[in-house]
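> below is the structure, and that's it, no one-letter string:
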């Protein structure tokens, strides 16, 4: 299963620590391994139609650790690099199978024909078939139709009966109010007429009630069976999923084992999401640990078209997902020396915040790329808020009026008083504040028009925070105007004018196929990593919270 490099790798320095999988630049050995895997899958013509729809692949650079191999290596005078190779994996399944000779096997093969999963899945499928048969049964459909027709008929007849009762009552009142009056005999006749008509209406009401109850009983015989089957399906599916997750017994470098149920018990969601344990990196690490292969570095790349809602680009490298993989990898990486999360590295500890505008009530700063606007989950991380709270201890209110992504540089509006903050926040809410961003796109875009509008609704990807996805169903309105400033084959310089303020709005609108289909240079979430994200908040225009004057601030990017 281990593959040895086709080209010499002795000149490539080995990584000092294992890759931090959620934020990384692929090691040269991983790039070389990925290129060989890409060459292999490109040659599998029978997979191309499926792969065109998109799939994540992974590579794990490893060194053989078996005693026999090490002894032989010493005898031949070879060093560690002669035992360097790589493993390859795909997420989920491929061509309807979990097992392909070039790739590592799954942690648990849920597709094995005689396994409990396939057997129980067939039982659940049989329930689905029975539910479908009942829901589309001619007898059931006919009964539902009769019930609806007779319900309408009953309503019409009873409404007509009520109208007739009302009309008869009015006619009797007119007769009673005759100038000559009515006799006792006529009065008795009117009373008997009223009693008879009311009794007839009651009989009709009783008839329809019984008739509709009979129809409802007929329909409910089917409905109750359908609901019983659905409840059984739900119960069996949950039990199957739980049993399946128990079969995913994940190793770590210390030799410790935990199943997915145990791993996810410690998370907010408490239970594993569907597909947990089937991503590329957990498969790769599991195989390496089982076969005494020491993991050195990893990388995952996308092959094929982007999914409908997410953003993926063919051949690009991506970090491991947070929702499914982070809890699993926190266990599986124990025992390995792993790179630190680079986001925790305070690259701006010696950087002074540049104040572009300041008065008694507010200030505008030029936030550097790589600094948080406000504290994140890790409270001790450097942020604009921490810096300014220390600089202005008497400031009241939340101070930060709006936010810029950590990776984005540019103008950030800050209030020194609670009242100024409230006033400026209101301007953001009613969209009277004007902003302009300058970005460098990673490629030349094919847009014929120099200006345009992008409208793609956005929401958080719950299984891969902080990434956003485009969703017509769950997304909130996100609208961006743009103007192309200059373009070449390599880059496009563009101005963005956001009309809404969704998280990652400009980044997604640039990268998504229904947007500009060209990610911002250095966007490691939606494109390729570079020395920085080339996105800068260049201009902001707002009304002063005290004077009412229009304030216009501009700070050009340094790219």
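Here it is on my side, so go on. Bear in mind that the values here come from a model prediction, so they are computed numbers and not experimental data. Numbering: from 1, shown residues only.

> show me where the stretch 1-150 of the chain has strands.
In the stretch 1-150 of the chain, the strands defined using DSSP state E, counting those that start in this stretch lie at 55-64, 84-90.

> dump those strands to TSV, plus mean neighbour count and distance to residue 330.
C-betas here are computed from N, CA, C, even on glycine. Below are the strands of the stretch 1-150 of the chain laid out as TSV (neighbours: other C-beta atoms under 10 Å; distance: least, C-beta to C-beta, whole Å):
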stretch	mean neighbour count	distance to residue 330
strand 55-64	24	17
strand 84-90	24	19
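
> now mean pLDDT too, for those, in a markdown table please.
Converted to a markdown table, those look like this (pLDDT from 0 to 100):
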| stretch | mean pLDDT |
| --- | --- |
| strand 55-64 | 97 |
| strand 84-90 | 98 |
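
> indicate which one of these is closest to residue 354.
Relative to residue 354, the nearest member of the strands of the stretch 1-150 of the chain by C-beta to C-beta is strand 55-64, separated by 40.4 Å.

> report all helices and strands that the helix or strand hosting residue 166 contacts.
Under the criterion of DSSP states H and E, residue 166 resides in helix 138-176. Contact partners of helix 138-176 among helices and strands, from 3 or more C-beta pairs under 8 Å, 6 or more residues apart in numbering; DSSP states H and E: helix 184-247.

> now the helix it packs on: mean pLDDT?
For helix 184-247, mean pLDDT rounds to 93.

> mind giving me the domain ranges of the chain?
Split into domains by automatic domain parsing, the chain comes to 28-108+248-342, 129-243, 346-554.

> adding distance to residue 22, write the ones you listed out as JSON lines.
Formatted as JSON lines, those follow (distance: least, C-beta to C-beta, whole Å):
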{"stretch": "domain 28-108+248-342", "distance to residue 22": "5"}
{"stretch": "domain 129-243", "distance to residue 22": "26"}
{"stretch": "domain 346-554", "distance to residue 22": "10"}
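
> where in the stretch 401-550 of the chain is pLDDT low?
In the prediction, the stretch 401-550 of the chain carries residues with pLDDT under 70 at positions 447-448.

> and the strands in it?
With DSSP E, counting those that start in this stretch applied, the stretch 401-550 of the chain shows strands at 409-415, 434-441, 451-455, 458-460, 468-470, 479-487, 492-498, 535-543, 550-554, listed in chain order.

> can you lay out those strands as a markdown table showing distance to residue 248 and mean neighbour count?
Conversion of these to a markdown table gives the following (distance: least, C-beta to C-beta, whole Å; neighbours: other C-beta atoms under 10 Å):
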| stretch | distance to residue 248 | mean neighbour count |
| --- | --- | --- |
| strand 409-415 | 42 | 25 |
| strand 434-441 | 41 | 22 |
| strand 451-455 | 41 | 14 |
| strand 458-460 | 26 | 19 |
| strand 468-470 | 26 | 23 |
| strand 479-487 | 42 | 17 |
| strand 492-498 | 42 | 20 |
| strand 535-543 | 39 | 21 |
| strand 550-554 | 54 | 13 |
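
> among the ones you listed, which is nearest residue 94?
strand 468-470 (23.7 Å).

> tell me what the closest one is packed against?
Contact here means 3+ C-beta pairs under 8 Å, 6+ apart; on that basis strand 468-470 packs against strand 458-460, helix 505-511.

> of those, give the one that comes closest to residue 59.
With C-beta to C-beta as the criterion, residue 59 lies closest to helix 505-511 of these, at 23.8 Å.

> kindly list the main-chain dihedrals of residue 363?
Torsion angles at residue 363 (phi, psi; degrees, to the nearest 10) stand at phi -150, psi 160.

> so it touches residue 384, yeah?
No - Residue 363 is not in contact with residue 384 according to C-beta atoms under 8 Å; the separation is 10.7 Å.

> common neighbours of the two, please.
Here residue 363 and residue 384 have residue 414 as joint contacts, going by C-beta atoms under 8 Å, 6 or more residues apart in numbering.

> next, the contact list for residue 322, please.
Listed by C-beta under 8 Å, 6+ apart, the contact set of residue 322 reads 22, 463, 464, 465.

> what does residue 552 give?
Going by C-beta under 8 Å, 6+ apart, residue 552 touches 539, 540, 541.

> circling back to that earlier point, now the strands of the stretch 401-550 of the chain in CSV, with distance to residue 98?
As requested, the strands of the stretch 401-550 of the chain are exported to CSV (distance: least, C-beta to C-beta, whole Å):
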stretch, distance to residue 98
strand 409-415, 45
strand 434-441, 39
strand 451-455, 39
strand 458-460, 30
strand 468-470, 27
strand 479-487, 42
strand 492-498, 42
strand 535-543, 41
strand 550-554, 56
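
> quick one: closest of those strands to residue 355.
Checking the strands of the stretch 401-550 of the chain against residue 355 by C-beta to C-beta gives strand 409-415 as the closest, at 9.3 Å.

> who does that closest one touch, helix- and strand-wise?
Using 3+ C-beta pairs under 8 Å, 6+ apart: strand 409-415 touches strand 362-367, helix 384-391, helix 418-429, strand 535-543.

> most tightly packed of the helices and strands packed on strand 468-470?
When the helices and strands packed on strand 468-470 are scored by mean count of other C-beta atoms under 10 Å, the highest mean neighbour count falls to helix 505-511 (a mean of 26).

> next one: residue 234 from residue 484, what distance?
52 Å (C-beta to C-beta, to the nearest Å).

> ugh, wrong one, residue 185
Applying C-beta to C-beta, the value for residue 185 to residue 484 is 97 Å.

> quick one: which of the contacts of residue 322 is nearest residue 376?
Distance to residue 376 across the contacts of residue 322 (C-beta to C-beta) is lowest for residue 465, with 11.8 Å.

> who touches that closest one in this structure?
322, 323.

> mind running it again at 6 Å?
By C-beta atoms under 6 Å, 6 or more residues apart in numbering, the contact set of residue 465 is residue 322.

> again with residue 304
Applying C-beta under 6 Å, 6+ apart to residue 304 gives the contacts 51, 52, 53, 54, 55.

> excluding chain neighbours, what is closest to the second one?
In other words, residue 52. If the residues on either side of it in the chain are set aside, residue 52 comes closest to residue 304, at 5.1 Å by C-beta to C-beta, 6 or more residues apart in numbering.

> distance of the one you found relative to residue 48?
For residue 304 relative to residue 48 (C-beta to C-beta), the value is 9 Å.

> kindly report the same for residue 167.
In this structure, residue 167 lies at 77 Å from residue 48, with C-beta to C-beta as the measure.

> equivalent analysis for residue 267, please.
Distance, residue 267 to residue 48, using C-beta to C-beta: 37 Å.

> ditto for residue 425
52 Å.

> which one's more surrounded, the two?
In terms of neighbours (other C-beta atoms under 10 Å), residue 425 is the more surrounded of residue 425 and residue 48; the figures are 18 against 12.

> quick check: closest non-adjacent residue to the more buried one.
In space, and not counting its chain neighbours, residue 425 is closest to residue 401: 6.1 Å by C-beta to C-beta, 6+ apart.

> so that neighbour sits against residue 413, correct?
Yes - using C-beta atoms under 6 Å, residue 401 makes contact with residue 413 at a distance of 4.4 Å.

> got the contact list for stretch 236-256?
For stretch 236-256, the surrounding residues in contact (C-beta under 6 Å, 6+ apart) are 107-108, 117, 120, 124, 257-261, 272, 277, 286, 289, 328, 331-332, 334-336.

> try stretch 508-520
Counting by C-beta under 6 Å, 6+ apart, stretch 508-520 makes contact with 306, 311, 439, 441-443, 445, 454, 456, 458, 468, 470, 480, 507, 526-527, 534-535, all of which sit outside it.

> now with 7 Å, please.
Outside of stretch 508-520, the residues within contact range by C-beta atoms under 7 Å, 6 or more residues apart in numbering are 306, 311, 439-443, 445, 447, 454, 456, 458, 468, 470, 480, 492, 507, 523, 526-527, 533-535.

> likewise for stretch 131-147?
Stretch 131-147 has contacts (C-beta under 7 Å, 6+ apart) with 215, 216, 218, 219, 222, 225, 226, 229, 230.

> could you rerun that using 8 Å?
Stretch 131-147 has contacts (C-beta under 8 Å, 6+ apart) with 212, 215, 216, 218, 219, 222, 225, 226, 229, 230, 233.
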